[in-house]
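1. I would like to see how this sequence folds:
(one chain, ligands or ions: 1)
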Amino acid sequence: MPRSIFWNSFIALALLMTQSCSNLSTKKISSEHKVLQGSYEINSPDAKIYNGQVIWVRTSKDDLSCHLAATSAQVIRAHDGSWGCLLPIPFRTTLGSKEVVVRRQEQVEESVSIVISEGDYPREKISVDGKYVEPPKKVLKRIQQETKLLAEVYKKLWEPEQVDLNFRLPVNSDVTSKYGNRRFYNNIEKNFHSGTDFRAKTGTKIYSPATARVELSQDLYFTGGTVILNHGYGIFTVYAHMSKVLAEVGKTVGAGDLLGLAGATGRVSGPHLHWGMNINGEKVDPMSFMRLFNPNTKKN
Ligand SMILES: [Zn+2]
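-> As a prediction, the model looks like this:
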């Protein structure tokens, strides 16, 4: 395999790690932090908007889309019947003043100014088995195939009538490593931590946070026992390092359905759950999503 192809696939796959129905509740979406301009309201998880977070652009119509530089999201209908765009702020983005543009087809409806500040993402040192920092030759093909598979999974379209944004946490436990940490594996800097790690002993039950469709449920080189859920319209969540995956691809799950058992598979230094969120190709902080929609998060 040419070196460049290997490194491209290696980097793409490493990104997953380092940067992972009917009974919808009618719980209302809260709107604590607001930016208001014209007819659109932007809700953010904190008083400031940081790179790597998600924001909710509240709209009243369904044939619109929202844009932030090269990032975009279409308007969806949430579990409480409200309309809006769940817009990801890329981790690697230029900071400062930006325009969120709401469009109807190609026509600009309105432009709302926001300011993106730099998140406080510290350095973190981790010791793992060397084969996960510099993978041996014999696994390169596998890594390449899995990179391709993940790219396919994230292209899967699912357009439910309503998107269940009323998430619970996937495990009843504490956060041990936050999203966005600059990670040094065996003293080599790799990509930023793309999700939130929860303390979870091997065998701890991991649950679905909301209504979703199972798109992947298998063992992967870097993320070990992995489940990927499709919440609709380009919104995905990832559950990694499980000792056992129990979700069935193609099945719809509801909040509280069992996805698997926590473990220490793949590139880890010990057992935990890595929870990732991928919106339209951007790996964002799942806890910013929780603060935005469920400030009083109910644990599973
Ligand atoms: Zn993690």
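2. Tell me who's in contact with residue 124.
-> The contact partners of residue 124, taken as Cβ atoms under 8 Å, 6 or more residues apart in numbering, are 177, 181, 182, 183, 184, 193. Heads up, the C-betas are built off the backbone N, CA and C, glycines and all.
3. Any idea which residue of the protein lies closest to the ion?
-> residue 274 (3.3 Å; Cβ to the ion).
4. Now that residue: closest residue in space, sequence neighbours ignored.
-> residue 240 (4.0 Å; Cβ to Cβ, 6 or more residues apart in numbering).
5. would you say the one you found is within a strand?
-> Yes - Residue 240: assigned to a strand according to DSSP: H, G, I helix; E, B strand; the rest coil.
6. my guess is it contacts residue 273, does it?
-> Yes - contact between residue 240 and residue 273 holds when scored by Cβ atoms under 8 Å: they sit 7.4 Å apart.
7. What sits closest to residue 264 if chain neighbours are left out?
-> Looking at residue 264 with Cβ to Cβ, 6+ apart, the closest residue is residue 271, at 4.1 Å.
8. quick one: contacts for the one you found?
-> Each residue near residue 271 by Cβ under 8 Å, 6+ apart is listed here: 200, 201, 202, 241, 243, 262, 263, 264.
9. Now the two most distant members of these.
-> Greatest spacing in the contacts of residue 271, by Cβ to Cβ: 201 and 241 (12.0 Å).
10. Please enumerate the shared neighbours of the two.
-> By Cβ under 8 Å, 6+ apart, the residues touching both residue 201 and residue 241 are 262, 271.
11. between those two, who's got more neighbours?
-> The residue with more neighbours, out of residue 201 and residue 241, is residue 241; 29 against 14, by other Cβ atoms under 10 Å.
12. doesn't residue 222 make contact with the more buried one?
-> No - the criterion here is Cβ under 8 Å, and residue 241 misses it with residue 222 at 9.5 Å.
13. anything in contact with each of those two?
-> Contacts common to residue 241 and residue 222, judged by Cβ under 8 Å, 6+ apart, are residue 266.
14. Give me the subset of the contacts of residue 124 that also touch the ion.
-> Among those, no residue sits close to the ion (Cβ under 5 Å from the ion).
15. just the buried members of the residues you listed?
-> 177, 181, 183, 193 (16 or more other Cβ atoms under 10 Å).
16. Lowest-confidence one in those?
-> Among the buried ones among the contacts of residue 124, residue 183 carries the lowest pLDDT, at 80.
17. So, low pLDDT: which residues of the stretch 151-300 of the chain?
-> Applying pLDDT under 70 to the stretch 151-300 of the chain flags the ranges 297-300.
18. quick check, distance from whatever helix or strand residue 150 lives in to the centre of its chain.
-> Per DSSP states H and E, residue 150 falls inside helix 140-153. Here the centre of helix 140-153 is set off from its chain's centre by 18 Å, with Cα atoms, centre = their mean, to the nearest Å.
19. swap in stretch 57-69?
-> 20 Å.
20. swap in stretch 277-294?
-> That offset, for stretch 277-294, works out to 5 Å (Cα atoms, centre = their mean).
21. Any residue of it touching the ion?
-> No - for stretch 277-294, no contact with the ion is found by Cβ under 5 Å from the ion; the gap never falls below 10.6 Å.
22. Could I get the buried residue list for that stretch?
-> Those would be 277-280, 282-294, for stretch 277-294 by 16+ other Cβ under 10 Å.
23. Quick one: end-to-end length of it, please.
-> 15 Å (Cα to Cα, to the nearest Å).
24. Then stretch 35-47?
-> Across stretch 35-47, first to last residue, Cα to Cα, it's 10 Å.
25. circling back: can I get the helix holding residue 150 in CSV? Just the C-alpha atoms.
-> The C-alpha coordinates for helix 140-153 follow below in CSV (Å, rounded to 0.1, in the frame of the first residue of the first chain):
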residue,chain,number,x,y,z
LEU,A,140,-2.7,-1.9,7.9
LYS,A,141,-5.2,-3.5,5.6
ARG,A,142,-7.7,-3.9,8.4
ILE,A,143,-7.3,-0.3,9.4
GLN,A,144,-7.8,0.8,5.8
GLN,A,145,-11.0,-1.3,5.4
GLU,A,146,-12.4,0.0,8.7
THR,A,147,-11.8,3.6,7.6
LYS,A,148,-13.8,2.9,4.5
LEU,A,149,-16.5,1.3,6.4
LEU,A,150,-16.8,4.2,8.8
ALA,A,151,-17.0,6.7,5.9
GLU,A,152,-19.9,4.6,4.6
VAL,A,153,-21.7,4.5,7.9
